[in-house]
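J.: coordinates for the following, if possible.
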Amino acid sequence: MAKSKDVRVTTILECTICVRNDVNKKSTGISRYITQKNRQNTPNRLELRKFCPYCHKHTIHGEIKK
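T.: Alright, predicted model coming up:
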């Protein structure tokens with residue numbers, strides 16, 4: 001089957017601080033959020049400020065590949 005050319009696509013956002021610091025020593029894991037974006041309006045990678053339960057603060061979450 002061919003890939004669908006839907007305008008809205010599901011994207012995964014991952015905490016950039018946890019990835020760079022290899023996560024805190026106390027907790028293991030990386031904060032991830034699932035959201036949708038409009039491919040026509042935002043062709044670039046999406047970056048949003050979300051709460052990271054591992055960092056215990058609001059950080060920038062960037063879009064990653066599936």
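
J.: contacts and neighbour counts: CA atoms only from here.
T.: OK.

J.: for the protein, what spans make up the helices?
T.: For the chain, helices defined by DSSP state H occupy the ranges 16-21.

J.: the bottom helix or strand of the protein by mean pLDDT?
T.: helix 16-21 (a mean of 76; mean pLDDT, DSSP states H and E).

J.: number of nearby residues for Thr11?
T.: Counted by other Cα atoms under 10 Å, the residues lying close to Thr11 total 18.

J.: how far away is it from Ile34?
T.: 6 Å (Cα to Cα, to the nearest Å).

J.: now do the same contact list for the nearest residue to Pro53 once chain neighbours are set aside.
T.: Leaving aside its chain neighbours, Pro53 sits nearest to Ser31 (6.8 Å; criterion: Cα to Cα, 6 or more residues apart in numbering). Ser31 makes contact with 14-15, 18, 52-54, according to Cα atoms under 8 Å, 6 or more residues apart in numbering.

J.: state the pLDDT value of Ser31.
T.: Here, the pLDDT recorded for Ser31 equals 85.

J.: need phi/psi at it.
T.: Torsion angles at Ser31 (phi, psi; degrees, to the nearest 10) stand at phi -70, psi 130.

J.: the one 10 residues further on too?
T.: For Asn41, the backbone dihedrals are phi -80, psi -30 (criterion: degrees, to the nearest 10).

J.: tell me how far it lies from Glu63.
T.: Taken as Cα to Cα, the span from Asn41 to Glu63 is 15 Å.
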